[in-house]
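Q: structure for this input, please:
(one chain, ligands or ions: 3)
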Amino acid sequence: MQFSATSASLLSSRADSLILPTGRQLKAEAATLNDALDGAIEGLIKSGDFTGKLGSSCLLHIPGKATKRLLLVGCDTDSGELDVPARDKVIAAAAQQLTAGGSKKALWISGALPGTSQPDHAVLAGAVARIFTTAGYRYNKGGASKHQPSKLASVSYWADTRSAVAAAKKGLAYGGATGSGMNLARQLGNLPANICTPSYLAKQAQELAKGNAALTTQVLSEAEMKKLKMGSLLSVSAGSDQPAKLIVMKYEGVKGRGKPAPTVLVGKAVTFDTGGISLKPGAGMDEMKYDMCGGASVFGVIAALAELKMAVNVIGVVPAVENMPSGGATKPGDVVTSMSGQTIEILNTDAEGRLILCDALTYSARFKPAAIIDIATLTGACIMALGGHASGLLSNHQPLADALLESGQQSGDRCWQLPLWPEYDQQLQSNFADMANIGGRQAGTVTAGCFLARFAKQQRWAHLDIAGTAWLSGAAKGATGRPVPLLMEYISRQQGK
Ligand code: BES
Ligand code: MN
Ligand code: ZN
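A: Residues are numbered from 1 along each chain as shown. Ligands and ions are numbered 1, 2, ... in the order given. Next up, the predicted model:
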């Protein structure tokens, strides 16, 4: 999807659809359009066809004009304020309607949002570009698909001043790249596990780096991981015919002397999680193809940074494995030695995410990072605690946690912090190794975090549990592309630091 910004007269627009976000009160541009259309908008409000309610919409056809449609999108909230989730709901209502219809070229009219008399155009345009880009995504793989590609090819952002247009242009580039990054993460997440294997992901990472001087990919084989003594990671792939891969993607937006220390993103990529010998129940097991969404979000972020040529240094580390039961698989009670030298009693082979992440965290220390953030569909308990609205956040460095919390608020891709107290860590006590890989039934998200914290003691580290946020179940089943917006917001704040 193409994005542009303009301040040219609304009434001379060549877009085939105008999008007017408005409440029942018609402000500046809304009033102008209402006059130009002989009071049609007011008429729709009076008749009750358009209520102005948040997320509602009404499509008006205008015969005989280049602009064939006017889409009214409701912005009225009980409080009169449009916070980030409400704003995104308005944009999503418009994006869903227009990407499903016949419109090819739309114009978003900014400035009429209630509660935002002076909108930050970079932020608003960023949200518009991100949400329209993700609304245009269609999963397509193999043969005939029932999913028609969206016809909507371009969206222009209208603002009233030249400085607003300049700000909007930056926001559109950022939001468009973030949306494309989300779509890449969704595509990788949605691909079935017989296609999306660790080797497939490794190949995608190599493709991503091709022709991009700022990006280099390195893939470590099982033999190389064995040399590094990654006994914990390798214990997870032991039962699989698919070889494990450790994918390292280095994005260097700032080169030379005095370049900033990188942020390292470590993404769990279990391309299928059967649970191993601690086999999962059959119902819904297909959803465990999404157990690589942490890794997929790292791909999405790296792709977006490369597209934007953002002046930051970020290294993506993606441990990719398949967790299968077989004659060679790890058994409950087995003790393994991690790269850090710490030993782990594997009481449950279904708590495998932390087993691959701990070695990836130890490995990441070599980059002398400013911070390490790991992203993982780690615990079912996180879905119970926070549902699909917020990712779980655990961190050993409060300024880092605060920056992530704020980035979540700002991007609408929120996270919520849980404690890493020593009382929880004690649940990992083992009689046969330095620690067990599970901490019992209580506080499963926290004990998983405590486990990882033992491998990040020397680092500024945060962990995002995205088990509830990375995909939707039910009729709308599919990967969401979260938390790419949260990570992009956090990383963009590192520019110039
Ligand atoms: N990938 C799962 C976590 C998960 C479960 C994500 C459901 C999304 C939906 C993870 O590997 C796992 O199996 N975790 C176990 C940990 C337990 C054995 C301590 C869990 O959450 O049940
Ligand atoms: Mn598991
Ligand atoms: Zn898992």
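Q: would you mind putting the CA coordinates of stretch 149-166 into CSV?
A: Extracted as CSV, the C-alpha positions of stretch 149-166 are listed here (Å, rounded to 0.1, in the frame of the first residue of the first chain):
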residue,chain,number,x,y,z
PRO,A,149,-6.4,-9.4,-2.4
SER,A,150,-7.5,-5.9,-1.2
LYS,A,151,-8.1,-3.5,-4.1
LEU,A,152,-7.1,-0.5,-2.0
ALA,A,153,-3.7,0.5,-3.3
SER,A,154,-3.1,4.0,-1.8
VAL,A,155,-4.1,6.1,1.1
SER,A,156,-3.4,9.8,1.2
TYR,A,157,-3.4,11.7,4.5
TRP,A,158,-4.9,15.1,4.4
ALA,A,159,-3.9,17.8,6.9
ASP,A,160,-4.5,21.6,6.8
THR,A,161,-0.9,22.9,7.0
ARG,A,162,2.4,22.3,5.3
SER,A,163,4.1,21.6,8.6
ALA,A,164,1.4,19.0,9.4
VAL,A,165,2.0,17.4,6.1
ALA,A,166,5.7,17.2,6.7
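Q: so how far is that stretch from its chain's centroid?
A: 23 Å (Cα atoms, centre = their mean, to the nearest Å).
Q: do I have it right that residue 401 meets residue 393?
A: Yes - if you go by Cβ atoms under 8 Å, residue 401 and residue 393 touch, sitting 6.1 Å apart. (C-beta placed from N, C-alpha, C; glycine too.)
Q: overlap of the contact sets of the two?
A: Any residue near both residue 401 and residue 393 by Cβ atoms under 8 Å, 6 or more residues apart in numbering counts here, and that gives 417, 462.
Q: neighbour-wise, which of these two wins?
A: A side-by-side neighbour count of residue 401 and residue 393, using other Cβ atoms under 10 Å, places residue 393 first with 25 against 20.
Q: so the more buried one sits in a helix?
A: No - according to DSSP: H, G, I helix; E, B strand; the rest coil, residue 393 belongs to no helix; its state is strand.
Q: hey, what's it bridged with?
A: residue 417, residue 464 (DSSP bridges).
Q: check contacts around it.
A: When contacts are counted by Cβ under 8 Å, 6+ apart, residue 393 touches 401, 404-405, 415-418, 462-465.
Q: quick one: buried residues of the worst-scoring helix or strand of the chain on mean pLDDT?
A: Sorting the helices and strands of the chain by mean pLDDT, DSSP states H and E puts helix 28-36 at the bottom, at a mean of 92. Using 16 or more other Cβ atoms under 10 Å as the test for burial, helix 28-36 gives 29-30, 32-34.
Q: any chance of those in CSV, with distance to ligand 3 too?
A: Formatted as CSV, these follow (distance: Cβ to the ion, whole Å):
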residue, distance to ligand 3
29, 49
30, 49
32, 54
33, 51
34, 54
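Q: assign a three-state SS to residue 374, would you?
A: Per three-state DSSP, residue 374 ends up strand.
Q: how much space separates it from residue 150?
A: 34 Å (Cβ to Cβ, to the nearest Å).
Q: of those two, which one has the most company?
A: Taking neighbours as other Cβ under 10 Å, residue 374 and residue 150 compare with residue 374 leading, 31 against 19.
Q: quick check: the more buried one vs ligand 3, distance?
A: 13 Å (Cβ to the ion, to the nearest Å).
Q: what's the pLDDT at that residue?
A: On pLDDT, residue 374 comes in at 99.
Q: please apply the same query to the one 5 residues further on.
A: For residue 379, the model assigns a pLDDT of 98.
Q: helices or strands up against the least confident helix or strand of the chain?
A: Helix 28-36 sits against strand 17-22, helix 40-47, with contacts defined as 3 or more Cβ pairs under 8 Å, 6 or more residues apart in numbering; DSSP states H and E.
Q: looking at these, which is closest to ligand 3?
A: strand 17-22 (40.3 Å; Cβ to the ion).
Q: can you give me the angle that closest one makes with helix 40-47?
A: Note on geometry: by axes from the mean of the first three to the mean of the last three Cα atoms, to 10 degrees, strand 17-22 and helix 40-47 are set 50 degrees apart in direction.
Q: pull up the pairing partners for strand 17-22, direction included.
A: Counting by DSSP bridges, strand 17-22 is paired with strand 69-74 (parallel), strand 105-109 (parallel).
Q: quick one: contacts for whichever residue of the stretch 51-200 of the chain sits closest to ligand 1?
A: The nearest approach of the stretch 51-200 of the chain to ligand 1 comes at residue 189, 11.8 Å away (Cβ to the nearest ligand atom). The contact partners of residue 189, by Cβ under 8 Å, 6+ apart, come to 289-290, 292-293, 296, 470-471, 478-479, 481.
Q: at 6 Å instead, please
A: Residues near residue 189 by Cβ atoms under 6 Å, 6 or more residues apart in numbering: 290, 293, 296, 479.
Q: confirm it sits in a helix?
A: Yes - assigned with three-state DSSP, residue 189 falls within a helix.
Q: what's the closest non-adjacent residue to it?
A: residue 479 (2.9 Å; Cβ to Cβ, 6 or more residues apart in numbering).
Q: same check on residue 496?
A: residue 311 (7.4 Å).
Q: can you list the strands that the strand ranked longest in the chain pairs with?
A: Ranked by residue count under DSSP state E, the longest strand found in the chain is strand 313-323. Applying DSSP bridges, strand 313-323 is found paired with strand 245-252 (antiparallel), strand 263-267 (parallel), strand 269-273 (parallel).
Q: which of these sits closest to ligand 2?
A: Among those, the nearest to ligand 2 by Cβ to the ion is strand 269-273 (4.4 Å).
Q: hmm, who's touching that closest one?
A: By Cβ under 6 Å, 6+ apart, strand 269-273 touches 193, 196-198, 201, 288-289, 291-292, 295, 318, 320-323.
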